[in-house]
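> My questions concern the predicted model and sequence given below.
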Amino acid sequence: MKRIALTGLALAAVVAAGAGGYWAGIRGLPVAGLREWLGVEATLAAAEPTATGAVIYYQDPDGKPAYAATPRQTEDGRAFRAVRASEDVSFEDKPPATVATSPAGPRRVLYYRNPMGLPDTSPTPKKDSMGMDYIPVHEGEDDGGSVVRVSLGKLQRTGVRSELAARRVVGRLVRVPGMVQLDERRISVVATRSDAFVNEVASVTTGDRVTKGQVLLRLYSPDIAAAGAQFLSDLNSGGRDSAVGGARQRLENLGLPPEAIAEIERTRKVPLSMTWRAPRDGVVLERNVVDGMKAAPGDVLFRLADISTIWVLADVPEFDLGAVRLGAPVTIRVRSLPGRTFEGRVSLIYPQVGEATRATRVRIEIANPGGVLLPNMYAEVEIGTGDTAPVIAVPDSAVIDTGTRQVVIIDRGEGRFEPREVKIGLRGEGFTEIREGIAEGDRVVVAANFLIDAESNLKAALRGLTPAEAQP
């Protein structure tokens, strides 16, 4: 622009002098001024550096944002300006043109490396096939280890961010499906131990709730009647205690309730129909008896279940099984009761893994107030995992997991980073436990760490590809 402005001033002077007075105007200038006027453009042209390297692209001659990969002309016929490698814009942080100095003097150049990152170095300055200068590596810039140096400008552009490794409680929720089931210990069956004929069944049906001692049915059993008569005979004759005790034992063996035996002993009479009562509070799950039917020994007449406490059986995948502990807190939700949760704890981890599902069944015992949870309901189970003791942990984004190893990037300050292989533990709530590799207070990179890891891997790969005799 300076060159164009000075040329314009010269043309203006010629026009002002006129075609006939040009030499007169020149003669009117002092000799020193004429020399200064003639040397301005030459001085400015000498001050501008000469472009070197291969032609990268072509730009509009007026500096407009118009570019071309091949030679091109403007609409008025002017050729685009060729931009060479030394003139191209670079986003890398370049050192100043002056020689870097330190209190001890200028730093010594160790070698020159390929500008494109290829495994090629040179002890003297040189250019690559595209005309780009090799980059000098000064003393102290190459430590030969695993530390990666990144310029401060590049750190700001890539968004590298780091945090301190600290102690915290790491836990997570294992979310698995479950099924509501009856507590096996709270199921009872009403059955006879001898042949019997049902005289009358109470007005109780499947699904009804019954209380302990409630009358379920009346039946006649010849075996019970005979045993009752023998028991009554021993009582009336004042027999020995052993004889009375034997008759009582026979009645108990036939399943006669203690209150029925006490009734025979009190009234000194064997009733024709024996009363059978509910052995517990609960819900009638099955009713398999009707008036007048004959019941064989062992036939299930009623099946009752207490649902005040119920089980939830959840299938935990094999890979999550190691995080589940006995007594772990559990939160349960069912679809039929939106917004309502039930709390419980893991009471048993079954000792086998399903061959088809590769999951292990876990049992949770929970209270069932009002009996709102019914058998075979689908449940959504959240099992809490982790220890209450704090451990060294870092954000999940700080861990680079390749599948075979886990790496974190240690921020050593001043643009220096060191990859560190670690052993991880539990993950949860956005944090990962670190069991080996780093200590509390170490600063780890949590953002853009993949870029630093890539540079570290590239550095190691280039060292491995470079022959021993070519390494600096």
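Cool, got the structure. The structure presented is a predicted model; accordingly, all values stated were derived computationally and were not measured.
> Hmm, Phe302 and Val190 touching each other?
Yes. Using CB atoms under 8 Å, Val190 is in contact with Phe302, at 3.9 Å. No exception for glycine: its C-beta is placed from N, CA and C like everyone else's.
> shaky segments in the stretch 251-400 of the chain?
Across the stretch 251-400 of the chain, the ranges flagged by pLDDT under 70 are 386-388.
> and Leu235, what does it touch?
Val244, Glu265, Arg268 (CB atoms under 8 Å, 6 or more residues apart in numbering).
> circling back to that earlier point, return every residue with contacts to both of Val190 and Phe302.
Here Val190 and Phe302 have Leu216, Leu217, Ala278 as joint contacts, going by CB under 8 Å, 6+ apart.
> What separation do you get for the second one and Ala295?
Right, Leu217. Distance, Leu217 to Ala295, by CB to CB, to the nearest Å: 9 Å.
> Can you show me the helices along the stretch 301-450 of the chain?
For the stretch 301-450 of the chain, applying DSSP state H, counting those that start in this stretch gives helices covering 449-465.
> still on that earlier bit, out of the contacts of Leu235, who's the most crowded?
Within the contacts of Leu235, most neighbours by other CB atoms under 10 Å means Val244, with 18 neighbours.
> Assign that one to helix, strand or coil.
helix (DSSP: H, G, I helix; E, B strand; the rest coil).
> Apart from its neighbours in sequence, what residue is nearest it?
Excluding its sequence neighbours, the residue lying closest to Val244 (CB to CB, 6 or more residues apart in numbering) is Asp234, at 4.6 Å.
> Quick one: distance of the helix or strand encompassing the one you found to the chain centre.
Asp234 belongs to helix 222-236 when elements are defined using DSSP states H and E. On the basis of CA atoms, centre = their mean, to the nearest Å, helix 222-236 sits 73 Å off its chain's mean C-alpha point.
> hey, what's in contact with both of Leu217 and Ala295?
With CB under 8 Å, 6+ apart, Leu217 and Ala295 have common neighbours Val198, Val289, Leu301.
> ok, what's across the strand from the closest residue to Gly384 other than its chain neighbours?
Closest residue to Gly384 apart from its sequence neighbours, by CB to CB, 6+ apart: Pro329 at 4.5 Å. Beta-bridge partners for Pro329, by DSSP bridges, are Arg345.
> I'd say Pro329 and Glu343 touch.
Yes. Pro329 lies in contact with Glu343 (CB under 8 Å); the separation is 7.1 Å.
> Now name the helix or strand holding Arg250.
helix 241-253.
> Could you give me the buried positions within that helix?
When burial is assessed from 16 or more other CB atoms under 10 Å, helix 241-253 yields the following buried residues: Ala243, Val244, Ala247, Arg248, Arg250, Leu251.
> What are the contacting residues of that helix?
Outside helix 241-253, the residues touching it (CB under 8 Å, 6+ apart) are 193, 224, 227-228, 230-231, 233-235, 258, 260-261, 264.
> Save those residues as JSON lines, and put in distance to Leu374 too.
Converted to JSON lines, those look like this (distance: CB to CB, whole Å):
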{"residue": "Arg193", "distance to Leu374": "32"}
{"residue": "Ile224", "distance to Leu374": "37"}
{"residue": "Ala227", "distance to Leu374": "41"}
{"residue": "Gly228", "distance to Leu374": "41"}
{"residue": "Gln230", "distance to Leu374": "47"}
{"residue": "Phe231", "distance to Leu374": "44"}
{"residue": "Ser233", "distance to Leu374": "50"}
{"residue": "Asp234", "distance to Leu374": "49"}
{"residue": "Leu235", "distance to Leu374": "48"}
{"residue": "Pro258", "distance to Leu374": "33"}
{"residue": "Ala260", "distance to Leu374": "34"}
{"residue": "Ile261", "distance to Leu374": "37"}
{"residue": "Ile264", "distance to Leu374": "41"}
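> before we move on, back to that, Leu217 and Ala295 - which one has more neighbours?
More crowded of Leu217 and Ala295, by other CB under 10 Å: Leu217, with 25 against 20.
> State the distance from the nearest residue to the more buried one once chain neighbours are set aside to Met293.
Of all residues not flanking Leu217 in the chain, Val201 sits nearest, at 4.7 Å (CB to CB, 6+ apart). Val201 sits 9 Å away from Met293, taking CB to CB as the criterion.
> More neighbours: which of these two?
Per other CB under 10 Å, whichever of Val201 and Met293 has more neighbours is Val201, with 21 against 14.
> got a list of what the more buried one touches?
Neighbour list for Val201: Leu216, Leu217, Arg287, Val289, Val290, Asp291 [criterion: CB under 8 Å, 6+ apart].
> go again using 6 Å as the cut-off
Applying CB atoms under 6 Å, 6 or more residues apart in numbering to Val201 gives the contacts Leu217, Val289, Asp291.
> Over to Val210?
Ala278.
> That one bridge partners, please.
Gly282.
> Likewise for Leu219?
Here Leu219 sits in beta bridges with Val198, Met274, going by DSSP bridges.
> could you measure it against Arg268, distance?
22 Å.
> how much space between the nearest residue to Thr70 once chain neighbours are set aside and Ser129?
Residue nearest to Thr70 in three dimensions, not counting chain neighbours: Tyr58, with 7.1 Å by CB to CB, 6+ apart. Here the criterion is CB to CB. By it, Tyr58 lies 21 Å from Ser129.
> before we move on, what about Ser273?
For Ser273, the distance to Ser129 (CB to CB) stands at 111 Å.
> With neighbour numbers in mind, choose between the two.
Using other CB under 10 Å, the more surrounded residue of Ser273 and Ser129 is Ser273, with 15 against 7.
> Can you tell me the closest non-neighbouring residue to that one?
With sequence-adjacent residues excluded and distances taken as CB to CB, 6+ apart, Ser273 is closest to Arg218, at 4.1 Å.
> Check Glu318 too.
Glu318 sits nearest to Arg358 (CB to CB, 6+ apart), 4.9 Å away.
> I'd guessed that neighbour sits against Asp320; true?
No. The criterion here is CB atoms under 6 Å, and Arg358 misses it with Asp320 at 11.0 Å.
> more neighbours, those two?
Just comparing Arg358 and Asp320: by other CB under 10 Å the higher neighbour count belongs to Asp320, 16 against 12.
> Now do the same contact list for the more buried one.
With contact set as CB under 6 Å, 6+ apart, Asp320 has these partners: Val174.
> what's the distance between it and Leu426?
Using CB to CB, Asp320 is found at 11 Å from Leu426.
> Just say helix, strand or coil for Glu263.
With three-state DSSP as the basis, Glu263 sits in helix.
> Neighbours of the closest residue to it other than its chain neighbours, how many?
Of all residues not flanking Glu263 in the chain, Pro271 sits nearest, at 7.4 Å (CB to CB, 6+ apart). Neighbours of Pro271 under the rule other CB under 10 Å: 15.
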